[in-house]
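J.: 3D, please:
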Amino acid sequence: MKIVIDGTPIKPNPSGVGLHLMNLIQWLYILQDHNDLKLCYEMGISYQPGLKNWFKGKLAFPDLISSYSNLYSLPLPVRTLNPFLLHAPNLFCNLFESSLDFPDIIHGTNFLVYPFKKSLKILNIYDLTFLKYPQYVNSVVKKYGQIVKQCLTWTDLVISSSESVKQDIIQHLDFPPDRIYVTPLASRYDHKYIENLNCEILISSFTRYHFSKPYILFVSTIEPRKNIITLITAFNLLKQKYKVDHDLVLIGQKGWNYESIFDAIANSPYQKNIYHLDYLSDELVAIFYSKADVLAYPSHYEGFGLPILEAMIFNTPVVTSNISSMPEVAGDAALLINPNEPEELAEAILKTISDRNLRNDLVAKGQERAKLFSWEKTALGTLEAYKKVLR
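T.: Numbers count the residues shown, from 1 in each chain. Predicted coordinates:
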C-alpha cells in the first residue's frame, strides 16, 4: 500500500503544525520497516512551494525532508489553488493524482486535501480557531473555514490532536464522530535531552539573557490567541503586590497582530524585567525550560498545547488554562486557571514559585504525565487511522 503525506507546512524553523508533521513523518518512515504492524506500506511525501518561491523557480524540497525517499513535488503553488477547490475542485485532480503516482491514501496536513478519485482521503484538523475565534486569526486563516468545509465533503477520515478538537469538529462542522480519529501529539524532547547538551557553553555564548534571576517562562507564537497581555498583567501584579524577584521571559516568533502585546510590554512599569527572545534553537529552548521556575501558558484556545508537555519533560511546573484542550494535556499535573482572570493567574504562579511542596508535587506528576506521550505513539495512532479508513 502506498501512502503520501503532505509535507508542505514544514519550514526551516518549524513550530506548531510543522513541528508535529516533521516528527510524524520521521516515525512513519521508521515504522514502515516493522513487520508486526499488520499494515504493509510505503511512505511518500508531497510538497508544494509557496507562491514567492514558485515565481522565483525555487522548487527544491525543504532540507528537513529532502533526505527522505519518494518525494513528490506538486506543480502548482499552495494557496493559489484555494479558489479552485471551492469552485472547480476537480480541475487539477488528474494532474495532481498522477504527479503523486496514484497513492492508496493521501493525507492532507495543511487544512486541505485534494479530491483524488482513486485515493482514500485523510485530513488533519489541528484546531478550529478560524471558526470559534476569528478575532484571533488573520485574513488568510479566516478563509480556512470555507476550504475545510469543502474538503470535508470528500474526506474519508479526519484526524484531530485532542478530544477537545474532535468535539469542536462535531459541533461546528457537523462531521460524523465515527469518522474522526484522535492522535495526541508529543514533545520534541525526551527526558535525557538536557544531559546531552553542554549547557555552560550554550549559556555563555547567549548574550540576550543573563540567567541571573529566577524567571517565569512563556513559549509559543506571539499573537493574541496566546493571551500574553493577561500574562503581562499578572506579572505586573506579581511584581507590585507580591514583590517577586522574577523576570518574565517570552520565547516565540512574532505571529499576527502582535503590536498590542509589545505595547503592553512597553507600558509595563516592569518592562526591564520582560524579555522577548524571538525564535531560539531547540537546544536553547530546552535550557530555558529546565531553568524556569514555572511555565505560564494561559492561552485562550489550543488544538493541543505542546509547551505544557515540553515543560514537564524538564521538571518545570505548569500553570495553564482550564479550557479547550489544555486540561486534557495537563491532566492533574498542572494548576488550571481561568485565562480571563489575571489575578487568578498571578496567584497560581505565586503558589507555584513559593510553595515547595506544591512545586515538587507538580514536578513529580508532570514527569509521569509526559511519559504518556511520544511521537512513536502519535505515528502508531496515525497508522491505526489509516487501517480504519481501509476497512
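
J.: Which parts of the stretch 101-250 of the chain are strands?
T.: Secondary structure of the stretch 101-250 of the chain, counting by DSSP state E, counting those that start in this stretch: strands at 105-108, 120-124, 157-160, 180-182, 215-219, 247-251.

J.: Using JSON lines, lay out those together with mean neighbour count and mean pLDDT.
T.: Where C-beta positions appear, they are placed from N, C-alpha and C, glycine not excepted. What follows is these, written out as JSON lines (neighbours: other CB atoms under 10 Å; pLDDT from 0 to 100):
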{"stretch": "strand 105-108", "mean neighbour count": "25", "mean pLDDT": "97"}
{"stretch": "strand 120-124", "mean neighbour count": "22", "mean pLDDT": "97"}
{"stretch": "strand 157-160", "mean neighbour count": "25", "mean pLDDT": "98"}
{"stretch": "strand 180-182", "mean neighbour count": "18", "mean pLDDT": "97"}
{"stretch": "strand 215-219", "mean neighbour count": "24", "mean pLDDT": "98"}
{"stretch": "strand 247-251", "mean neighbour count": "23", "mean pLDDT": "98"}
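
J.: Would you format these as TSV with distance to Asp361 included?
T.: TSV is the format used below for these (distance: least, CB to CB, whole Å):
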stretch	distance to Asp361
strand 105-108	40
strand 120-124	35
strand 157-160	31
strand 180-182	28
strand 215-219	19
strand 247-251	24
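
J.: quick one: which of the ones you listed is nearest Tyr289?
T.: Comparison of those against Tyr289 by CB to CB identifies strand 215-219 as nearest, at 6.8 Å.

J.: Tell me which other helices or strands the helix or strand bottoming out on mean pLDDT in the chain touches.
T.: Using mean pLDDT, DSSP states H and E, helix 139-142 stands out as the lowest-scoring helix or strand of the chain, at a mean of 76. Judged by 3 or more CB pairs under 8 Å, 6 or more residues apart in numbering; DSSP states H and E, helix 139-142 is in contact with helix 129-132.

J.: tell me which residues in the helix it packs on are buried?
T.: In terms of neighbour count (16 or more other CB atoms under 10 Å), helix 129-132 has its buried residues at 129-131.

J.: Quick one: those as TSV, columns for distance to Tyr193 too.
T.: Output for these, formatted as TSV (distance: CB to CB, whole Å):
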residue	distance to Tyr193
Thr129	30
Phe130	33
Leu131	36
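
J.: Closest to Ala186 out of those?
T.: Thr129 (21.4 Å).

J.: surely that closest one meets Val141?
T.: Yes. Thr129 lies in contact with Val141 (CB atoms under 8 Å); the separation is 7.3 Å.

J.: circling back: return the distance of the least confident helix or strand of the chain from the chain's centre.
T.: Its chain's C-alpha centre and that of helix 139-142 lie 18 Å apart, by CA atoms, centre = their mean, to the nearest Å.

J.: Touching it from outside, list them.
T.: 79, 129-130, 134, 256 (CB atoms under 8 Å, 6 or more residues apart in numbering).

J.: How is Leu91 assigned, secondary-structure-wise?
T.: Classification of Leu91 by DSSP: H, G, I helix; E, B strand; the rest coil places it in coil.

J.: Minimum distance to Asp63: which of the strands of the stretch 101-250 of the chain has it?
T.: So among the strands of the stretch 101-250 of the chain, strand 105-108 is nearest, using CB to CB, at 21.6 Å.

J.: Restricting to C-alpha, output that closest one in PDB.
T.: What follows is strand 105-108, C-alpha atoms only, in PDB (Å, rounded to 0.1, in the frame of the first residue of the first chain):
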ATOM      1  CA  ILE A 105      -4.100   7.100   0.800                       C
ATOM      2  CA  ILE A 106      -3.500  10.800   0.500                       C
ATOM      3  CA  HIS A 107      -3.000  12.500   3.900                       C
ATOM      4  CA  GLY A 108      -3.700  16.300   3.900                       C
END
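
J.: Identify all contacting residues around that strand.
T.: By CB under 8 Å, 6+ apart, strand 105-108 touches 1-6, 46, 100, 113-114, 116, 119-124, 151, 155, 386, 389-390.

J.: Name the nearest of the buried residues of helix 129-132 relative to Phe235.
T.: Out of the buried residues of helix 129-132, the member with the shortest distance to Phe235 (by CB to CB) is Thr129, at 24.9 Å.

J.: Do you have the helices of the stretch 251-391 of the chain handy? List them.
T.: With helices called from DSSP state H, counting those that start in this stretch, the stretch 251-391 of the chain shows them at 259-267, 282-291, 306-313, 326-330, 342-354, 356-370, 375-390.

J.: Turn those helices into CSV, including mean pLDDT.
T.: Output for those, formatted as CSV (pLDDT from 0 to 100):
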stretch, mean pLDDT
helix 259-267, 98
helix 282-291, 96
helix 306-313, 97
helix 326-330, 98
helix 342-354, 98
helix 356-370, 97
helix 375-390, 94
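
J.: right, so those helices: which one is the most enclosed?
T.: Counting by mean count of other CB atoms under 10 Å, helix 306-313 has the highest mean neighbour count of the helices of the stretch 251-391 of the chain, with a mean of 27.

J.: can you put the buried residues of helix 129-132 in TSV and add pLDDT and distance to Gly108?
T.: TSV is the format used below for the buried residues of helix 129-132 (pLDDT from 0 to 100; distance: CB to CB, whole Å):
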residue	pLDDT	distance to Gly108
Thr129	92	18
Phe130	91	16
Leu131	92	18
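
J.: Which member of these is positioned nearest Trp54?
T.: Phe130 (24.4 Å).

J.: which residues sit against stretch 143-155?
T.: With CB under 8 Å, 6+ apart as the criterion, stretch 143-155 contacts 82, 85-86, 89, 108, 111-113, 115, 121-123, 125, 130-131, 158, 173, 175.

J.: One more: stretch 80-94?
T.: Contact partners of stretch 80-94, identified using CB under 8 Å, 6+ apart, comprise 51, 76, 112, 114-117, 143, 146-147, 150-151, 154.

J.: Could you do stretch 57-64 as well?
T.: The contact list for stretch 57-64 (CB under 8 Å, 6+ apart) reads 7, 10-12, 14, 22, 45, 47, 49, 53, 66, 71, 73.
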